[in-house]
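Asker: Sequence and predicted structure are below.
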Amino acid sequence: MNNRDTLPTSIHSTSGMPKVAWGKGAYLYDVDGKQYIDGSGGPAVYCIGHGNEEVNAAISDQLGRIAHGYRYNFTSDALEELTDIIRARVGGTLKHMVYVTGGSEAVESCLKLALHYHYARGDISRRKFIARERSWHGNTLGALSVSGFRERKAAFEGSLLDVIRLSPTNAYRPIAGATAETVAEASAKELEEAIIKAGAKTIAAFIFEPVVGAAGGCVPAPEGYAKRVREICDRHGVLMISDEVMCGAGRTGTWRALEQDGVEPDIMSVAKGLAAGYLPLGAAIYSDKVSAAFNHVPQTGHTFTGHTACCAAGVAVQKIVAREKLVERVAANEQKLKAMIADALHGVDAVGDIRGRGYFIATELVQNRETKKPFDASLKLYMQIRQQAFENGLICYPVGGNADGVNGDVVILAPPYNSTDAELTEMVAKMATSIKQVLAKSL
């Protein structure tokens, strides 16, 4: 189905949501024919838009031969080609990977790789993880444990891992006693103090997002922070895990998000933009150092590890991204996108911060710009904006609680990398209109 003339118009959703019918490029259509521009790529997934015929053909061709050759019986052309592509894009010593079917599984695999590494080296006391508040790492129990997202964790407390928690690292809302200029060092110092307090020999890894996604709203690591983290982890024998499920695969203007910080992690996760939502795909990528510890055979994997058709989708997507120089386009357009948002929201007193990297940009709304006081959570402004934008034909990604875990409202735009200038203009204009409409009726 590729146009609304063939839609089953008599069929409607019973869930209260519209029923999606088809999509092409940056646009989706429901069964009633309403058009939506996808300003956030869903949850920062659809990085080359919808309905790409080249990707669909690659998937169809693979399905015509075999859908899935079980990874522990066979390798495949698709898996090997994707592995070569990823190795070339990440560079350095990150040459090994476990393929999974999503971001949560990718993070779960990263945690298991860290534990296996220390076990294989005889450091069996290193069982604990350190993570930050206002972080989101996924929905499996391990990934949920290391996440710092109160609303999404509450129902599962008591069955989660005991994780050492650090303050968020945010230049707009710096750690107590720090400023935007000193937050990187203050946050790094907090990490080292936590390692020493717990005992370095008990810590397996520190996990963080180079650019925090849903939990903080596109919060980039302050300058110098990642390098200090790398130094501290190395000094204490702690592995460094970079969670790039949301911010990786080109989303922030380099294929590997942490590349901009001049640092290589020991282990990293990637997912959303890897196969761009055409089929479920993620990966835990790890270094030569980690691989050598357990003789290249990690004790993690699943039935659908290295799923052949999913890998074929990833190959097709990544070929397009490379051929069309889309990561370079994202990097080149970052400042333009931020300026477009600032211009569209000019005069709106509630705009506190516009931040992010590449095509991963958030607008934080505040009640008082001088004090940075957030709006009260009871207003649920982010939910109102989400609904208003949807009614206006825009898909964006608003989230709440970014300021303190309860209060705070941000709106994320994460466009497809190949969005035209006209499409970017439409996304920004509809977001600004939606924000203004909600503020006008709520305040």
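Answerer: That came through, no problem.

Asker: Name the residues of stretch 148-164 that are buried.
Answerer: If you call a residue buried by 16 or more other Cβ atoms under 10 Å, then stretch 148-164 has these buried ones: Gly148, Phe149, Arg152, Val163, Ile164. Just so you know, the C-beta spots here come from the backbone N, C-alpha and C atoms, and that holds for glycine as well.

Asker: Take the residues you listed and keep only those in helices.
Answerer: Those of those mapping onto helices are Arg152, per DSSP state H.

Asker: Now for the buried residues of stretch 148-164: which two are most distant?
Answerer: Within these, two members stand farthest from each other by Cβ to Cβ: Arg152 and Ile164, at 19.2 Å.

Asker: Quickly note the distance from Lys45 to Gly273.
Answerer: One correction, residue 45 is Val, not Lys. 7 Å (Cβ to Cβ, to the nearest Å).

Asker: out of the two, which sits in the more crowded spot?
Answerer: Under the criterion of other Cβ atoms under 10 Å, the comparison of Val45 against Gly273 puts Gly273 first, with 33 against 24.

Asker: Was I right to think that one contacts Gly42?
Answerer: No. Shown here, Gly273 and Gly42 do not form a contact pair, counting by Cβ atoms under 8 Å, at 11.1 Å.

Asker: rewinding a little: dump the buried residues of stretch 148-164 into JSON lines; add distance to Ser76 as well.
Answerer: What follows is the buried residues of stretch 148-164, written out as JSON lines (distance: Cβ to Cβ, whole Å):
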{"residue": "Gly148", "distance to Ser76": "38"}
{"residue": "Phe149", "distance to Ser76": "36"}
{"residue": "Arg152", "distance to Ser76": "35"}
{"residue": "Val163", "distance to Ser76": "36"}
{"residue": "Ile164", "distance to Ser76": "40"}
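
Asker: Tell me which of the buried residues of stretch 148-164 fall in strands.
Answerer: Judged by DSSP state E, these include Ile164 as members of strands.

Asker: Out of the buried residues of stretch 148-164, which comes closest to Thr425?
Answerer: Nearest to Thr425 among these, counting by Cβ to Cβ, is Phe149 at 32.2 Å.

Asker: can you tell me which residues contact the closest one?
Answerer: Arg134, Ser135, Trp136, Ala214, Ala215, Gly401 (Cβ atoms under 8 Å, 6 or more residues apart in numbering).

Asker: biggest separation within the residues you listed, which pair?
Answerer: Taking Cβ to Cβ as the measure, those reach their widest spread between Ser135 and Gly401, a distance of 12.0 Å.

Asker: Now do the shared contacts for these two.
Answerer: Common neighbours of Ser135 and Gly401, counting by Cβ under 8 Å, 6+ apart, are Phe149, Ala215.

Asker: that older thread, could you dump the contacts of Phe149 to a markdown table with distance to Asp30, neighbour count and pLDDT?
Answerer: As requested, the contacts of Phe149 are exported to a markdown table (distance: Cβ to Cβ, whole Å; neighbours: other Cβ atoms under 10 Å; pLDDT from 0 to 100):
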| residue | distance to Asp30 | neighbour count | pLDDT |
| --- | --- | --- | --- |
| Arg134 | 33 | 26 | 95 |
| Ser135 | 33 | 24 | 96 |
| Trp136 | 28 | 25 | 96 |
| Ala214 | 24 | 24 | 92 |
| Ala215 | 29 | 26 | 94 |
| Gly401 | 29 | 23 | 94 |
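
Asker: Report the beta-bridge partners for the closest residue to Asp162 other than its chain neighbours.
Answerer: Counting by Cβ to Cβ, 6 or more residues apart in numbering, Asp162 lies nearest to Lys128, which is 7.3 Å off, once chain neighbours are set aside. With DSSP bridges applied, Lys128 shows beta-bridge pairing to Ile203.

Asker: Tell me, how many residues neighbour Lys128?
Answerer: Counted by other Cβ under 10 Å, the residues lying close to Lys128 total 19.

Asker: That one against Val146, yeah?
Answerer: No. In terms of Cβ under 8 Å, Lys128 does not count as a neighbour of Val146; the distance is 10.6 Å.

Asker: Check the contact lists of these two and give me the overlap.
Answerer: Taking Cβ under 8 Å, 6+ apart as the contact rule, the neighbours common to Lys128 and Val146 are Val163.

Asker: coming back round to it: from Cys311, how far off is the residue nearest to Asp162?
Answerer: 34 Å.

Asker: Next: Ile196.
Answerer: On the measure of Cβ to Cβ, Ile196 and Cys311 end up 42 Å apart.

Asker: between the two, who's got more neighbours?
Answerer: Taking other Cβ under 10 Å, Ile196 and Cys311 do not tie; Cys311 has more neighbours (27 against 12).

Asker: mind checking pLDDT for that one?
Answerer: In the prediction, the pLDDT value recorded for Cys311 is 98.

Asker: is it fair to say it lies in a strand?
Answerer: No. Note on Cys311: no strand contains this position according to DSSP: H, G, I helix; E, B strand; the rest coil, which reports helix.

Asker: All set now, cheers.
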